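Undergrad: here is my input, please return the structure:
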Amino acid sequence: MEELRSGRSSCRVSRRGAFVSSLTLQGMQILKPASDGYVTHGGMSILVPYADIVKGASYVWDGERYFLPRNAAYENNHVDSIHGLVKSAQFSVVYKDEDSIHLEYSLSHSGYPSTLDVHIHYSLSREALNTMISVENTGRRSAPLLCGSHPYFLYEDFWIIYFNEQVRSVFADRSDSDTHSKNISFISKKTDGYYDDAFVGGGEIILVTRDRLIQIRRRSMRFFEVYDGVYADGVSVAIEPMTGSPDAFNNGIGLIRLNPGETFICGFDIEARRI
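TA: Presented below is the predicted three-dimensional model:
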């Protein structure tokens, strides 16, 4: 486990999955720990080359069908693939200093048409954590790409999410999703039920809870998911920046075609202050 520090802020990063297991900003604990050991049930995981879900754990790319790990089973016995192929990968540390770290992993998988060099850079300041994801196609074939992250933000009593640009809901099972989506002004904690919903737009995302305000500034990550189901443990809400829609490998919403030799870069900042 690698540790970053800047003033009263600190961040712990695992080489396994480039996973952020804890984040403290200005003395405030920001992320919920994973209570059951799964990196997508707490902290902040990196999701490459797909975020969220690939339905049926299968997709067609350039006329060829590929099969992914079947690791998300549901009551109707429909088995999907979820959260990408690097969350258990052993990254190498390219460099590290007191407040930043750069990690690298070469991704090759039978269910994926090419080879990727995945670079993750974290930089910590007194007020914020900056995350940069850089993906280069080092193989000989084009490849589908959807990058994401899965931070669980702690809250007390209530939470509400505001935006500084228009937000629309996304329906991942509809090719005409944009036509049927609706504008969202804000998202707040439900008194019953839970969120596991995708959205697009929003610009800067602002999460307000009883004692803090958290700002999420995204770069080339127009989509996001809001989740506060069972794995949020009733104390957190996941706001997951993504470059495309859930099941983008099948529905194509926001999906990136990364050609050989091309590099895609995206990222986001998490800044927090007391209120």
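Undergrad: which residues in the stretch 101-250 of the chain form helices?
TA: In the stretch 101-250 of the chain, helices defined by DSSP state H, counting those that start in this stretch lie at 177-180, 248-251, listed in chain order.
Undergrad: now tell me which of the ones you listed the model trusts least on average.
TA: Sorting the helices of the stretch 101-250 of the chain by mean pLDDT places helix 177-180 lowest, at a mean of 48.
Undergrad: by mean pLDDT, which helix or strand of the chain comes out lowest?
TA: Lowest on mean pLDDT, DSSP states H and E among the helices and strands of the chain sits helix 177-180, with a mean of 48.
Undergrad: is residue 9 bridged to anything, and to what?
TA: residue 6 (DSSP bridges).
Undergrad: before we move on, what about residue 237?
TA: Here residue 237, judged by DSSP bridges, has bridge partners residue 153.
Undergrad: any idea how far it is from residue 67?
TA: 33 Å (Cβ to Cβ, to the nearest Å). For every residue, glycine as well, the C-beta is placed using N, CA and C.
Undergrad: quick one, which of those two is more surrounded?
TA: residue 237 (24 against 13; other Cβ atoms under 10 Å).
Undergrad: and residue 202, how many neighbours does it have?
TA: 23.
Undergrad: equivalent analysis for residue 217, please.
TA: Residue 217 - counted by other Cβ under 10 Å - has 17 other residues nearby.
Undergrad: which strand or helix spans the closest residue to it other than its chain neighbours?
TA: Excluding the flanking residues, the one nearest residue 217 by Cβ to Cβ, 6 or more residues apart in numbering is residue 269, at 4.5 Å. Assigned by DSSP states H and E, residue 269 belongs to strand 263-274.
Undergrad: what sits up against that strand?
TA: Contacts to strand 263-274, defined as Cβ atoms under 8 Å, 6 or more residues apart in numbering, come from residues 23, 25-26, 28, 30, 127-137, 145, 147, 149, 151, 211-221, 241, 243, 256, 258.
Undergrad: narrow these to those in strands?
TA: 23, 25, 28, 128-137, 145, 149, 151, 212-219, 241, 256, 258 (DSSP state E).
Undergrad: among the residues you listed, the buried ones, what's the PyMOL command?
TA: Of the ones in strands among the contacts of strand 263-274, the buried ones go into a single PyMOL selection, burial set by 16 or more other Cβ atoms under 10 Å:
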select buried, resi 23+25+28+128+129+130+131+132+133+134+135+136+137+145+149+151+212+214+215+216+217+218+241+256+258
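Undergrad: residue 43 against residue 29, yeah?
TA: No. Counting by Cβ atoms under 8 Å, residue 43 stays clear of residue 29, with 11.5 Å between them.
Undergrad: so residue 117 bridges to which residues?
TA: With DSSP bridges as the rule, residue 117 is bridged to residue 106, residue 136.
Undergrad: distance of it from residue 275?
TA: 41 Å.
Undergrad: which one's more surrounded, these two?
TA: residue 117 (15 against 9).
Undergrad: show me what contacts that one?
TA: Residue 117 neighbours (Cβ under 8 Å, 6+ apart): 104, 105, 106, 107, 135, 136, 138.
Undergrad: thanks a lot, catch you later.
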